[in-house]
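A.B. asks: give me a 3D structure for the following:
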Amino acid sequence: MTVRGRTRLALSVLIGSLGLAACSTPAPLADDTPEGCIADFDADVDYYPTKTSVEHAENFSLRYEKSYQVLTIDEPFPGGSPVTYALVHCGAPTPSLTGDLADATVVTTPIDSLYAESTTHLPLLAQLDRLDVLSGVANASRVVNADVRKAIDVGDVVEYGSDTTLDVEQVVADAPDVVMSGGTNKPEYAALRKADVTVVANAEWLEASPLGRAEWLKVMAALTGEEAAAEKMFERIESGYHDVKDMVADAATVEVLTGNMWRGTWSVPGGASYQSRLLADAGATHPWADTDDTGSLSLSAEEVAAKASDIPLWLASTEWRTKDDVTSEDPRYAELAAMKSGQVWTIAEDVGPNGGNGYWERGVTRPDLVLADLAAIVHPDRLPGHDFQFYRQVGR
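C.D. replies: Below you'll find the model as predicted:
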């Protein structure tokens, strides 16, 4: 239980022992008021001097009342119905929620503790300088961030699950302020909600645009009270992204091969997907760029070879470092033109000690860095001396 939670519990016990009824508007807590909370609530005061605007993301929205925010996730998981959260500034009374807000989940903010199901949530906290809020991760072995790994090693951050399951009993016992979902609909979430553990959906991966995914930084800011920091950080990301895009805007478009085989299937990005948008902004295209798919296309090796075997530049979604690594997985790769040209690039530059990969952890919220890597690969003359963050050339 958090410090704020223990304070609330102690107050409720004291009220009960005195035989007093709780009032809807809390009395001032004087010197015992937790840092960042309202000490003397005034219904006429706007407690959000900095307000976040959402410009690129399409799967969440934020609106402000004087003492709380309304966060709505339109699709918390594929096919899911919208969910709404009332993010109430600590020290303010719980508002009367009716109409569209009648079923809203109330969350007291800023939160003190968060259990993160996906490693993509970690950079959101890191960029806001609020890793102190992190108290649990679902799969410690996938963590790349060095500060988080240290916190795990000393027991400040616990592991509460795996890629497929969550330890409900552990989470309920630990009572974090929020469990942030990874954009799926695991059955454990219902059990957590039944036990009064708040689950906040994070479905950034359903955004079709790179900057839309990165803008979920503002959801974390709403939970942690770091709106001003999030606005500055996102402006930096947005500006960096457009700077790179402008650098290659007039360059000739280069065709690339993407993806690789995994369990008999070769996945390539659909033409309306997040990955296709990144490639287009980097001055690249691919053989399936004219499709309308927003996700990935699952193809056979033969289908890929028929349309792309002669493409001399390959961006693979794996961690190969040598040509032997490539052909040991599938000898057919040796026949690809990119293997003969030596232009095979993989996401092997930022790999954690236990199997995590910085591309999957950090790249989602830093599309400016991903785009710079891609542009430097496709148009090296436009970004000479580029310091690669995620991609690495096979054999380098």
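A.B. asks: pLDDT score assigned to residue 195?
C.D. replies: pLDDT, residue 195: 97.
A.B. asks: tell me the spacing between it and residue 232.
C.D. replies: 37 Å (Cβ to Cβ, to the nearest Å). Every residue, glycine included, has its C-beta placed from N, CA and C.
A.B. asks: also residue 324?
C.D. replies: From residue 324 to residue 232 the distance is 45 Å (Cβ to Cβ).
A.B. asks: go through the one helix or strand residue 191 maps to and flag the buried ones.
C.D. replies: Using DSSP states H and E, residue 191 sits within helix 188-194. For helix 188-194, a neighbour-count test (16 or more other Cβ atoms under 10 Å) marks 188-189, 192 as buried.
A.B. asks: can you show me the helices along the protein?
C.D. replies: Along the chain, counting by DSSP state H, helices occupy 3-17, 122-127, 146-153, 168-174, 188-194, 210-214, 217-224, 227-247, 274-281, 301-308, 323-329, 337-341, 358-362, 367-378.
A.B. asks: how far does the second one sit from the chain's center?
C.D. replies: Just to be clear, that refers to helix 122-127. Centre-to-centre, helix 122-127 and its host chain are 9 Å apart (Cα atoms, centre = their mean, to the nearest Å).
A.B. asks: begin at 16, not 1, for the rest of this chat.
C.D. replies: Shifting the count to begin at 16 puts that one at helix 137-142.
A.B. asks: helices and strands around it, which ones?
C.D. replies: Applying 3 or more Cβ pairs under 8 Å, 6 or more residues apart in numbering; DSSP states H and E, one finds that helix 137-142 contacts strand 129-131, strand 149-152, helix 161-168, helix 232-239, helix 242-262, helix 373-377.
A.B. asks: pull the CA atoms of the fourth one into CSV?
C.D. replies: Presented in CSV, the C-alpha positions along helix 232-239 are these (Å, rounded to 0.1, in the frame of the first residue of the first chain):
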residue,chain,number,x,y,z
LEU,A,232,3.3,10.0,-23.0
LYS,A,233,0.5,12.4,-22.1
VAL,A,234,-1.6,9.6,-20.5
MET,A,235,1.3,8.8,-18.2
ALA,A,236,1.7,12.5,-17.5
ALA,A,237,-2.0,12.8,-16.5
LEU,A,238,-1.5,9.9,-14.0
THR,A,239,1.7,11.3,-12.5
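A.B. asks: if I look at the residue nearest the centre of the chain, how far off is residue 108?
C.D. replies: Central residue of the chain (Cα atoms, centre = their mean): residue 135, 3.9 Å from the mean position. Residue 135 sits at a distance of 34 Å from residue 108 (criterion: Cβ to Cβ).
A.B. asks: pLDDT score assigned to the residue nearest to the centre of the chain?
C.D. replies: Residue 135 is given a pLDDT of 97.
A.B. asks: next: residue 131.
C.D. replies: The model's pLDDT for residue 131 equals 97.
A.B. asks: give the burial count for it, as a bare number.
C.D. replies: 29 (other Cβ atoms under 10 Å).
A.B. asks: return the set of residues that bridge with it.
C.D. replies: Here residue 131 sits in beta bridges with residue 152, residue 195, as judged by DSSP bridges.
A.B. asks: I figured it was touching residue 148, is that so?
C.D. replies: No - the criterion here is Cβ atoms under 8 Å, and residue 131 misses it with residue 148 at 9.5 Å.
A.B. asks: which residues are in contact with each of these two?
C.D. replies: Contact with both residue 131 and residue 148 is made by residues residue 140, according to Cβ atoms under 8 Å, 6 or more residues apart in numbering.
A.B. asks: with adjacent residues omitted, what lies nearest to residue 103?
C.D. replies: residue 83 (4.3 Å; Cβ to Cβ, 6 or more residues apart in numbering).
A.B. asks: per-residue confidence at the one you found?
C.D. replies: On the pLDDT scale, residue 83 gets 97.
A.B. asks: over to residue 39?
C.D. replies: Taking residue 39 on its own, its pLDDT is 42.
A.B. asks: repeat for the one 10 residues further on
C.D. replies: The pLDDT attached to residue 49 in the predicted structure is 76.
A.B. asks: I'd like to know how far it sits from residue 228.
C.D. replies: From residue 49 to residue 228 the distance is 32 Å (Cβ to Cβ).
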